[in-house]
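In: structural data only, the sequence is not supplied:
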């Protein structure tokens, strides 16, 4: 709420950056014993990180390395598995606003290390750039890319894929010249638009994208899977045409889930082989609450999901 109030009064932040704790800081290393490890000295880590944080605030607020600060806010986060880090929001006065790319370049820039000083570092940076990554090489070597259920994806997702592939393949051809198959049924599920109306859903589908005009459309006219089970297909056709006979005298008795679980235990006990027990792993949103709700999590047996404790034997039938 404080950040929202600052933005309403001073405008959008001019600079947003994150400072992350580095376990290799010399201030930490020089105070560790030979048998010590960084994760075993949280007191030392916190002291050094706090000192770095205060030093950064001095550079920003007193030395004005970015210019005169009109408003300033930061928050420190300590995640369970991640490194400690601080997020900084800086609003500058009108005289020091960064309004052009050149103004930002004075403070932020990406540069390759000097190859004359160290020939290894430039090669390392180039190796792990996006276009030289293992994923980029995999995409370039792909003969076919299949995007199934594209009907539920917003059109800006497919439009974003086009320039990405053009950049990877170094060509101006559509999707970088890659063969891509988009599959989906636009008569069924459309993109999810929160509180949207019918026209909102239609506006976001790929059919309304400029890319759609350049795609070759292939429509399925036969159900190839139906050839393997013609009797079932005929049964479905009879139901669809309203010709399938119904017997109103028959009544289906559906048992409760508790009785089904007991029946499963009886059936599994008849099998001779050893049973194998599988237990699900459930976690609370806040790790600190895990110990308080452990028993409650173990009692959850939700419809549509496997039981918390699932007992199985080889070749057994599970209802």
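Out: Perfect, thanks for sending it. None of these values were measured; they are calculated from a predicted model.
In: now residue 18: which helix or strand?
Out: strand 15-20 (DSSP states H and E).
In: name the residues of that strand that are buried.
Out: 15, 17, 19 (16 or more other C-beta atoms under 10 Å). For every residue, glycine as well, the C-beta is placed using N, CA and C.
In: what's the closest non-adjacent residue to the first one?
Out: Spelled out, that is residue 15. Distances taken as C-beta to C-beta, 6 or more residues apart in numbering place residue 90 nearest to residue 15, at 4.2 Å, with adjacent residues excluded.
In: shouldn't that neighbour be within a strand?
Out: Yes - under DSSP: H, G, I helix; E, B strand; the rest coil, residue 90 falls within a strand.
In: quick one, strands of the chain?
Out: 15-20, 69-77, 85-92, 145-147, 180-182, 276-279, 309-312 (DSSP state E).
In: how about these in CSV, adding mean pLDDT and distance to residue 153?
Out: Below are the strands of the chain laid out as CSV (pLDDT from 0 to 100; distance: least, C-beta to C-beta, whole Å):
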stretch, mean pLDDT, distance to residue 153
strand 15-20, 88, 29
strand 69-77, 88, 32
strand 85-92, 89, 31
strand 145-147, 91, 8
strand 180-182, 90, 9
strand 276-279, 81, 34
strand 309-312, 79, 34
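In: could you say which of those is packed most deeply?
Out: Stretch with highest mean neighbour count among those: strand 85-92 (a mean of 18; mean count of other C-beta atoms under 10 Å).
In: sorry, back to before: can you lay out the strands of the chain as a markdown table showing distance to residue 118?
Out: Below are the strands of the chain laid out as a markdown table (distance: least, C-beta to C-beta, whole Å):
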| stretch | distance to residue 118 |
| --- | --- |
| strand 15-20 | 23 |
| strand 69-77 | 33 |
| strand 85-92 | 27 |
| strand 145-147 | 38 |
| strand 180-182 | 41 |
| strand 276-279 | 52 |
| strand 309-312 | 56 |
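In: nearest to residue 108, of the ones you listed?
Out: strand 15-20 (8.5 Å; C-beta to C-beta).
In: tell me how far the closest one lies from the chain's centre.
Out: 22 Å (C-alpha atoms, centre = their mean, to the nearest Å).
In: likewise stretch 133-150?
Out: With C-alpha atoms, centre = their mean, you get 18 Å for stretch 133-150.
In: which of the residues in it are buried?
Out: Here stretch 133-150 shows 136, 139, 150 as buried, counting by 16+ other C-beta under 10 Å.
In: list the contacts of it.
Out: Stretch 133-150 has contacts (C-beta atoms under 8 Å, 6 or more residues apart in numbering) with 130, 153, 158, 165, 168-169, 178-184, 189, 206.
In: gap between the two ends of that stretch?
Out: End-to-end span of stretch 133-150 (C-alpha to C-alpha, to the nearest Å): 26 Å.
In: and stretch 181-194, by the same measure?
Out: 28 Å.
In: tell me where the chain is predicted with low confidence.
Out: Along the chain, segments meeting pLDDT under 70 span 1, 79-82, 126-132, 247-258, 304, 306, 317-319.
In: quick check: domain ranges of the chain?
Out: Following automatic domain parsing, the chain resolves into domains at 2-105, 112-141, 142-214, 257-312.
In: of all the ones you listed, which one is nearest residue 231?
Out: Here domain 142-214 is closest among these (C-beta to C-beta), at 25.2 Å.
In: gap between the closest one and the chain center?
Out: Using C-alpha atoms, centre = their mean, the offset of domain 142-214 from its chain centre is 19 Å.
In: stretch 24-36 now?
Out: On C-alpha atoms, centre = their mean, the centre of stretch 24-36 falls 35 Å from that of its chain.
In: can you give me the end-to-end distance of that stretch?
Out: 13 Å.
In: by neighbours, which of the contacts of stretch 133-150 wins?
Out: Neighbour counts for the contacts of stretch 133-150 peak at residue 206, which has 22 neighbours (criterion: other C-beta atoms under 10 Å).
In: sorry, back to before: any idea how far the residue nearest to residue 15 lies from residue 263?
Out: Using C-beta to C-beta, to the nearest Å, residue 90 is found at 65 Å from residue 263.
In: show me which residues of stretch 43-50 are buried.
Out: 45, 48, 49.
In: show only the entries of those residues found in helices.
Out: 45, 48, 49 (DSSP state H).
In: what's the closest non-adjacent residue to the second one?
Out: The spatial neighbour of residue 48 that comes closest, neighbours along the chain excluded (C-beta to C-beta, 6+ apart), is residue 27 at 4.8 Å.
In: would you agree that neighbour is in contact with residue 50?
Out: No - with contact defined as C-beta atoms under 8 Å, residue 27 does not reach residue 50; the gap is 11.3 Å.
In: for the strand holding residue 18, which strands pair with it and how are they oriented?
Out: With DSSP bridges as the test, strand 15-20 is paired with strand 85-92 (antiparallel).
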